[in-house]
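1. Could you look at this predicted model? Sequence included:
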Amino acid sequence: MSQILIVEDEQRIASFVAKGLKAAGLTSEHVTTGAAGYERAMTGDFELIVLDLGLPDMDGMDVLERLRGSGNTLPVIVLTARTTLEASVGSLEGGADDYLAKPFRFEELLARIRLRLRTATVAAAGPAIMRCGDVELDPLTRRVTVAGAEVDLSAREFALAEALISHAGRALSREQLLSRVWGYDFDPGSNVVDVYVRYLRAKVGAARIETVRGVGYRMVP
């Protein structure tokens with residue numbers, strides 16, 4: 001049975017999430033501060049963290065930064081009342097695996113939790129290294145090399161590279177990339193895909209990611 005750590009200072013929301021998880025066959029533990037959340041997350045007793053950003057002792061982003069800085073790779077789903085594009089992108093860039101704005105429906109949170117747990121299970125099994133031409137991507141270690149040289153990608157850049165390489169030679173629309181890399185919390189009219197394709201091209205080489213006019217982008221085999 002999966003154990004979920006809920007880091008949330010609003011008792012009403014924490015109780016709502018905990019009850020829903022119990023009904024879905026998942027167990028949980030609740031703490032109300034960032035310091036307690038960090039300490040519990042580092043014990044190895046949990047498989048996923050539901051993390052609020054507006055905590056009383058520190059910002060949830062600081063908790064996330066400390067976790068990732070300590071090498072903790074537990075899946076983290078951020079819950080927050082901050083609904084700006086900058087907040088959502090900042091959370092994902094900071095190492096969060098998903099982002100859900102308050103108010104939210106529990107069914108959606110549960111679906112995202114189950115998805116992240118499945119993804120973590122596959123990663124633990126040791127996924128194969130992905131290749132496209134001279135670009136190699138290791139989903140387990142999150143290491144990327146281009147022509148044998150390692151390149152440093154942010155969390156979203158890595159996810160974008162993974163989506164493109166897994167469909168090498170095929171064009172993916174901006175909407176498909178929004179769905180696969182960012183989820184459905186972004187306005188389809190946003191230019192976030194184009195921005196991150198530009199970032200990724202700067203690191204792996206512009207010629208390796210082709211623009212398909214009227215469609216989107218594809219990784220060149």
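-> Right, received. Where do you want to start?

2. Which pLDDT value does the model give the spatially most central residue of the chain?
-> A centroid search over the chain (Cα atoms, centre = their mean) returns Asp97, at 2.0 Å, as the residue closest to the centre. You'll see Asp97 listed with a pLDDT of 86.

3. got it, and Arg142?
-> With respect to pLDDT, Arg142 scores 83.

4. how near is it to Gly60?
-> 22 Å (Cβ to Cβ, to the nearest Å). C-betas here are computed from N, CA, C, even on glycine.

5. Show me which of the two is the more surrounded one.
-> Gly60 (26 against 14; other Cβ atoms under 10 Å).

6. ok, the more buried one touching Val50?
-> No: Gly60 lies out of contact with Val50 (Cβ atoms under 8 Å); the separation is 10.4 Å.

7. Report the set of residues contacting both of the two.
-> Common contacts of Gly60 and Val50 (Cβ atoms under 8 Å, 6 or more residues apart in numbering): Val7.

8. Who are the contact partners of the residue nearest to the centre of the chain?
-> By Cβ under 8 Å, 6+ apart, the neighbours of Asp97 are 75-77, 116, 119.

9. for the chain, which helix is longest?
-> Longest helix in the chain by number of residues (criterion: DSSP state H): helix 106-124.

10. Can you tell me what sits against it?
-> So helix 106-124 is contacted by 2, 4, 16-17, 20-21, 24, 26, 47-48, 50, 75, 77, 79, 97-98, 100, 139-140, 183 (Cβ under 8 Å, 6+ apart).

11. Recalculate using a threshold of 10 Å.
-> When contacts are defined by Cβ atoms under 10 Å, 6 or more residues apart in numbering, helix 106-124 is touched by residues 2, 4, 16-17, 19-21, 23-24, 26, 47-50, 73-77, 79, 97-100, 104-105, 127, 139-142, 183-184.

12. what's the neighbour count on Val193?
-> Val193 has 22 nearby residues by other Cβ under 10 Å.

13. which helices and strands does the helix or strand it falls within pack with?
-> Element membership of Val193 [criterion: DSSP states H and E] is helix 192-204. Under the contact criterion of 3 or more Cβ pairs under 10 Å, 6 or more residues apart in numbering; DSSP states H and E, helix 192-204 touches helix 85-93, strand 143-146, strand 149-151, helix 155-166, helix 174-177, strand 209-212, strand 216-219.
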